[in-house]
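S.K.: Below are the sequence and a predicted model; questions follow.
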Amino acid sequence: MPARVHAILVVRPDGRTPAAYHLRRTLAALSEQSRPVDVLTIVLCGGDEILSEVAGSSAAESVVTAPGSTGYAEALALITPRLDGDAVWLLAQDTAPEREALARLAGTLEVSPSVAYVAPKLVRWDDRSEIVSMGVGMTQLGRTVGLADGELDQGQHDGRDDVLGADVRGLVVRADAWRDLGGLDRALLGADEGLDLGVRARLAGARVTLVPSALVATAADGVAGLPSPLTAARRRRAAFASRVAQLHRRLVYAPAAAVPFHWLAILPLALWRTVLDLVRKEPGLILPEWGAAVVAMVRPVAVARSRRRLSAGRKASWSQLAPLRASRTELRERLGDQLDDDGGAGQHRRSDLRFFAGGGAWLVLAALVVSAVSFTALLAWPVLGGGALQPLSSTVGQLWADTAFGQRALGLDVVGPADPFAFVVALLGSLSFWDPSRGLVVLWILALPLAALGGWFAATRVTDRSLLRLCGGALWALAPTLLIALTQGRPAAVIAHLLLPWLFVAATVAHRSWAGAGATSLLLAAVIATAPSLAPALTVLWLASIVLALVLRAGRGLARLVWTVVPTLVIAGPLIWSAIRRGELWGLLADPGVPWAGPQVAPDAAGRALLAAGIPTSDLAGWMTILPDGPTWWVPLLVAPLALLALAAPLTQRWAVGVALLVVTALGVATAFAVVGIWVSFEQSLPVAIWPGAALSLGWLGAVCAALVTLDAGLAPRLALARGLAATVVLAAVALLAVPALTAMARGTSTVANGPESTLPAYVAAEGRDDPDVGTIVLTPQNASGISVRVVWGGSETLGGQTTLLSTRTESSADDSALAELAADLVTSSSEEIVAALGEQGVAFVLLAPASAPESDAARTMRLSASTALDQRDNLDAVGETTKGSLWRVTTDVSERPQPSSSVRTTAGLIAAVQLAVVAAALLLALPTAASRREARRTPRVVGPHWEEGR
């Protein structure tokens, strides 16, 4: 046996459990050793009085104090010059050896002269049946592989003795080998220290041996080795140290000629690993990854010092270490053991979705049939028109160009951010890239089946019963707000209604996983882009979730909930900033897309009563067009069965879920009450009120889900007949309410029509199809008086090219004043150079559009006067009368459209880069992986307390 063993015990009060408790147990374990240590030195890092008292009262020969920031390797280096013995035992405050540990370690070291150090079996502090570490390996690329970490100790690894390295805690190292190897490498920052020491020992011709019978309990305080990942801060610290150690070892172990290439690859690897972290749903590792990359790059001196230490005593080649490296098979087995642990006894296992077996597929198919019957004419239409509908840009490139900061497609020289709705339109148009406008037609045809699908999946969050899921999907597809938006031609409202159930599906589990948070963040951005008036209500729900995370879950999942609003803020941020600068914050609530003053309820008591019934129009969801002279007082009562069931949800055993859903309903209805009759945008000279239907869709979602909770938990399981009867009554009432909207196209009362491919004459559309910088000034006489003027760039006004920068402007800008002067000069004979001025601005056509029907005398007079003035212009060539109005072509030299300044292009590039990065991160988080699906299977699909599982 070695004549003397010098134990070095490092203490630092930075553990989760008070370090004094761990230190007392470790000192007691040392005093009980069957083979006592010959010399004990305690290195006390920091000035903790309790630890100083415990250390001073121990049997240690000396207590050395060091600053609190001293690392484990540095603390050991302080004692190395004073080593008194033939072997050194590396201990920390949280490494309590069992009684025979030192005897067995020292005995193995005595009979094995070629061994540089021996390592014990590390077990959990409070459960010796679980292995913390028992040998460490390394892959070909330097990845650390624990050979038995986290396994139950059944003696399955006790036959292993020869390893590449081991955890640094509890090692017994020969004193001469310790001095020759230079101790631990401080540049590793506490990670892989035992592995690195083993690699250097192996290259020096020595061996590393395990002693499985020597047990050392460890609490993983983080004084020696990595801290246990019990908190987010500890996980980040461990990830940072591990990555720094891996990069440092890579630079140290690589051949000299390869070091520059490894150094240059550090940042690209950090970017790649960032993508992988997002895919693996571990965004908390991104900052440690980049921090480690920076640290590894700026320490050439530490790398050079470690390389000199490695080469100084090297006697063996790297090829001799190859048999000890972890192979791909071993790595897969280690990972496979972790993946196979898919929940033990007592853990929840999610039930099957039963989309096909439960009738969900049949519901979607039935909705498709109803849609085909109700909207048969759309099957032959290439473009939709009417209401707030317009064509989409003719190319995918132009669709996405409309999403960028810069010159807008409307206005003389309007520069600013795009509406977030432009992103939704671009995505929709890209799905039918060969003909973007047809994507909107397909959306209209598939709206009902898509709504049924979304409603069915939303119902899976509140019930496991197939019948109730079918009822939820049907009720969502037959919602008055959706059907009225379809018949009136409100694309933003239709898309918002289709997205809301998916937002509900994702948001209810956003706190559980990063996959849910990523999906929620994208859906929330899309919903607010299509329905900005929902932003206040959704903000209230988000703040409530934050409070619940803090109060009920002690902050668990808080980072995920915070992330859910990041894409929304990044995408809408430029528009918000622009509105703040212009002092037009209320304009942010305006409905996106084409401003259209369509029919809706009046802001009076009767109108709000209809809103409370979920009906956003004063024609009672179309029943007044069917029964113009008949009684219609009963129509709002069709929603009463659904409302009564929803109101009963708090009285069930799942009262908490019922209350939460009624809060959603109340927020939706309250938002509708608040926005009805509020005008924040303008269509030419007409004010346009905010559409309350989007808010009612939110309220309808809460009411439907609350009603399903009542049917699910409010009736005993034996009352299946009563449950089915109640669901049938509710569904029949809502279906009756939907009859006018579903038959509107057949009766000719729908606003949606076979829209034109361009809002401009065909001559202009042909010119602008390939040149988006062709400008057309459109003059429209107003029925009240005066004339409206706007400039359209390209071959048509488009849905994605609309901008609230113009439609919500309450004060004229310099651009507005210049455009008004151009229009005034055009329709009068006061200026001879006005046509040349148009050409200098890039405007090539003048269109005198008809006033909205019926044309008033004032509008007719203005139209005739303007037409006469335009005909008299020498530099205007009359193209002729078109269905869009009278058209003239500018015959003077037409300059190119003035291009934005370099600062605008720079700003656009920065905004696009940030938005792309955030959206890409959200997409990577949202993409499901095998691990995320496995984790999801461990949690119930139905949210909230459930009184009967397995249905």
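M.R.: Received the coordinates, thanks. Numbers count the residues shown, from 1 in each chain.
S.K.: can I assume residue 416 is in contact with residue 808?
M.R.: No: using CB atoms under 8 Å, residue 416 is not in contact with residue 808, being 11.7 Å away. All C-beta atoms are positioned from the backbone trio N, CA, C, and that covers glycine.
S.K.: Excluding residues flanking it in the chain, which one is nearest the most centrally placed residue in the chain?
M.R.: Centrality entry for the chain: nearest residue to the mean C-alpha point is residue 518, 2.6 Å, by CA atoms, centre = their mean. Excluding the flanking residues, the one nearest residue 518 by CB to CB, 6 or more residues apart in numbering is residue 925, at 2.7 Å.
S.K.: what packs against the strand or helix carrying that neighbour?
M.R.: Taking DSSP states H and E as the criterion, residue 925 maps to helix 902-926. Contacts defined by 3 or more CB pairs under 8 Å, 6 or more residues apart in numbering; DSSP states H and E place helix 902-926 against helix 266-279, strand 406-407, helix 514-530, helix 566-582.
S.K.: and the next helix or strand after it, which residues are buried?
M.R.: Counting by DSSP H and E, the next helix or strand C-terminal to helix 902-926 is helix 930-936. Buried residues in helix 930-936, counting neighbours by 16 or more other CB atoms under 10 Å, are found at 931, 932, 935, 936.
S.K.: by contact count, what packs against helix 930-936?
M.R.: Taking 3+ CB pairs under 8 Å, 6+ apart as the contact cut, helix 930-936 packs with helix 328-340, helix 514-530.
S.K.: isn't residue 650 right up against residue 660?
M.R.: No: counting by CB under 8 Å, residue 650 does not reach residue 660; the two are 9.5 Å apart.
S.K.: Hmm, residue 932 and the residue nearest to the centre of the chain touching each other?
M.R.: No: using CB under 8 Å, residue 518 is not in contact with residue 932; the gap is 9.6 Å.
S.K.: Give me the common contacts of the two.
M.R.: residue 281 (CB atoms under 8 Å, 6 or more residues apart in numbering).
S.K.: Hmm, residue 233 and residue 288 touching each other?
M.R.: No: between residue 288 and residue 233 there is no contact under CB under 8 Å: 10.9 Å.
S.K.: hey, what's in contact with both of the two?
M.R.: Listed as contacting both residue 288 and residue 233 by CB under 8 Å, 6+ apart is no residue at all.
S.K.: neighbour count winner among those two?
M.R.: residue 288 (20 against 11; other CB atoms under 10 Å).
S.K.: Which residues are in contact with that one?
M.R.: 236, 237, 239, 240, 243.
S.K.: Tell me how many other residues surround the first one.
M.R.: Pointing back at residue 236 there. Residue 236 - counted by other CB under 10 Å - has 17 other residues nearby.
S.K.: try the second one
M.R.: Residue 237 has 19 neighbours, counted by other CB under 10 Å.
S.K.: quick one: it is in a strand?
M.R.: No: secondary structure of residue 237 (DSSP: H, G, I helix; E, B strand; the rest coil): helix, not part of a strand.
S.K.: low-scoring stretches of the stretch 551-700 of the chain, by residue?
M.R.: In the predicted model, the stretch 551-700 of the chain carries no residue with pLDDT under 70.
S.K.: Which stretches in it count as helices?
M.R.: 558-563, 566-582, 605-612, 623-626, 640-647, 655-675, 693-713 (DSSP state H, counting those that start in this stretch).
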